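S.K.: return a 3D structure for these sequence lines:
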Amino acid sequence: MAKTALVVGASGIVGSAVAGLLAANGWSVHGLARRPVNQPGVRPVAADLLDAGGTADALRDLNPDAVFITTWLRQASEAENIRVNGAMVRNLLNALPPPAGPRHVALVTGLKHYLGPFEAYGKGTLPQTPFREEQGRLDIENFYYAQEDELFAAAARDGFSWSVHRPHTVIGMAVGNAMNMGTTLAAYAVLCRETGRPFIFPGSEAQWSGLNDMTDAGQLARHLLWVTVTEAAQDQAFNVVNGDVFRWQWMWGRIANWFGIEATPFDGTVRPLEQQMVDDGDRWRAIAAREGLAEPDLDRLASPWHTDADLGRPIEVVTDMGKSRRLGFTGYQPTDDAFFALFQRLRAERLIP
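M.R.: Below is the predicted model of the structure:
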C-alpha cells in the first residue's frame, strides 16, 4: 500500500514542492491549507490551524505515515508570532489520531534560528558562519523555537520520529506567499525593463560582496523526503541549502541578463525595494492587462519587505551542509539555475510577461 502523507501549507512555495514530489513517488498525499488549491495527485484538506476543533474535525479520519509542516502566519510582533505559530503546530499535532504505526513529522523553519527573529534580524551577537546545527539557539525569543518545542513535546507524548529543516531563502513558485524573493526579483526586473528604471541592487555592501547561499524548493523537498525514509537521519535538525555559494555582484548580472536588461553597478547605497516599488501597483495592473497576465495584483506576487530583509543584512550568510552529507544526502542545485527555472515557470504560467 502507498504511504500516506499530510502536507501542511500545501499551497505555499515549500508545501507545493513537497506535495508534488511525494505524489510523483507514489505517496497518497493530503494537502492541508486554509483555502486549498487544485494540485495534481493531492487530496485537499481545508482547515484553519488556529481553530483547534475545526482542525480535529478535518483530520479525524486521517492517520498519516508522515506529516510535513511547511506553514506559518506572520504577525505584528514576535510575541504574537510565538503565540500564533506555536498554537498552530500544537493544534495540528493534537488533532491527529495516535499513530497506527511508525510516523515521522518534519518541521520546516529557517536560518532565523541563527540570525534572530524579524524584530532583531541579523543584530546582536550571532554565531559564526558557516552556520552549523550544533550552534543552537540564540538567547532571544523566536517563534521557530516555539514551533520546535511543540514538536518535541508531541513527539515525546505520541512516540513519532521528528526532524527540523532550516533552509536559507527559498526559491520556488507560489502566489500570495509572504516570503518570495524569486518572484519579487522577477517582478522588479520586469518593471525596470518596462519603465527604463535602472536595475539597482537594493541591499547592503556585505550582501553584494560577501558569500551567500540559497535553497531551491525542490532541493528542500528532496531533503524532507530523504529524512523521512532514512532512519539514521531522524530525530535531528538539519540545515538545507543548494550546495553552491555565490556573491550577489555575480548573481545580479545573471538575473539581469535573463530579463534582457543591464545590471546597474552597486554604489554602496542601500535602496530598499519596499521604497522602489511602493507606487508600482498600478503599473503592474497595466502590464497585466496588456499582456493578459494571470495575476494583476502585485502584492500577491512580490514581498519587497522580505527581500529587503535578506539583501540588507550586515553580514555574509553561508550555511554548512556537512551533517546531511555525512549521512548520505547528495542533492545539489545550482542557484542560478533555480532562479532561471522559476522565471521560466512564471512566464509559462502567465505570471510575468
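
S.K.: the residue nearest to the spatial centre of the chain and M88, how far apart?
M.R.: What sits nearest the mean C-alpha location of the chain, by CA atoms, centre = their mean, is V170, with 4.4 Å. Computed as CB to CB, to the nearest Å, the V170 to M88 distance reads 19 Å. For glycine as for every other residue, the C-beta is placed from the backbone atoms N, C-alpha and C.

S.K.: ditto for P198
M.R.: 41 Å.

S.K.: more neighbours, those two?
M.R.: M88 (24 against 13; other CB atoms under 10 Å).

S.K.: tell me, how many neighbours does the nearest residue to that one once chain neighbours are set aside end up with?
M.R.: Distance criterion CB to CB, 6 or more residues apart in numbering; nearest residue to M88, sequence neighbours excluded, is L49 at 3.9 Å. L49 has 26 neighbouring residues, counting by other CB under 10 Å.

S.K.: and what of E141?
M.R.: E141: 15 neighbours (other CB under 10 Å).

S.K.: tell me which residues touch it, please.
M.R.: 78-79, 82, 117 (CB atoms under 8 Å, 6 or more residues apart in numbering).

S.K.: and those, which are buried?
M.R.: In terms of neighbour count (16 or more other CB atoms under 10 Å), the buried residues within these are 78, 82, 117.

S.K.: those residues into CSV, with extra columns for pLDDT and distance to Q147?
M.R.: Shown next, in CSV, are the buried ones among the contacts of E141 (pLDDT from 0 to 100; distance: CB to CB, whole Å):
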residue, pLDDT, distance to Q147
E78, 94, 13
I82, 97, 9
P117, 86, 12
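
S.K.: any chance of those in CSV, with secondary structure too?
M.R.: Listed next are the buried ones among the contacts of E141 as CSV, based on DSSP: H, G, I helix; E, B strand; the rest coil:
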residue, secondary structure
E78, helix
I82, helix
P117, coil
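
S.K.: format those as CSV; extra columns: distance to I69.
M.R.: Putting the buried ones among the contacts of E141 into CSV (distance: CB to CB, whole Å) gives the following:
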residue, distance to I69
E78, 19
I82, 16
P117, 18
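
S.K.: what is the nearest of these to Y145?
M.R.: I82 (8.1 Å; CB to CB).

S.K.: wait, the closest one sits on D149?
M.R.: No. Using CB atoms under 8 Å, I82 is not in contact with D149, being 9.9 Å away.

S.K.: show me the shaky parts of the stretch 101-250 of the chain.
M.R.: By pLDDT under 70, the low-scoring segments of the stretch 101-250 of the chain are 122, 124, 178.

S.K.: now Q275: how far from D320?
M.R.: From Q275 to D320 the distance is 34 Å (CB to CB).

S.K.: have a look at these two and say which one is more surrounded.
M.R.: D320 (17 against 12).

S.K.: the closest residue to P353 other than its chain neighbours: neighbour count?
M.R.: Excluding its sequence neighbours, the residue lying closest to P353 (CB to CB, 6+ apart) is E291, at 4.1 Å. Number of residues near E291 (other CB under 10 Å) recorded here: 12.

S.K.: ok, S77 next?
M.R.: Counted with other CB under 10 Å, S77 comes out at 11.

S.K.: swap in Q147?
M.R.: 23.

S.K.: just N38 next, same as before
M.R.: 8.

S.K.: what's the distance between it and S11?
M.R.: Distance from N38 to S11, by CB to CB: 10 Å.

S.K.: repeat that for A263.
M.R.: On the measure of CB to CB, A263 and S11 end up 33 Å apart.

S.K.: who has more neighbours out of those two?
M.R.: Set A263 next to S11 and count neighbours by other CB under 10 Å: S11 wins out with 25 against 21.

S.K.: tell me the contacts of the more buried one?
M.R.: S11 neighbours (CB under 8 Å, 6+ apart): 31, 33, 35-37, 39, 174.

S.K.: which one of those residues has the most neighbours?
M.R.: Neighbour-wise, the contacts of S11 (other CB under 10 Å) top out at G31, 29 neighbours.

S.K.: phi, psi for that one please.
M.R.: The phi and psi values for G31, taken as degrees, to the nearest 10, are phi -110, psi 110.

S.K.: please report how far it lies from G182.
M.R.: Taken as CB to CB, the span from G31 to G182 is 21 Å.
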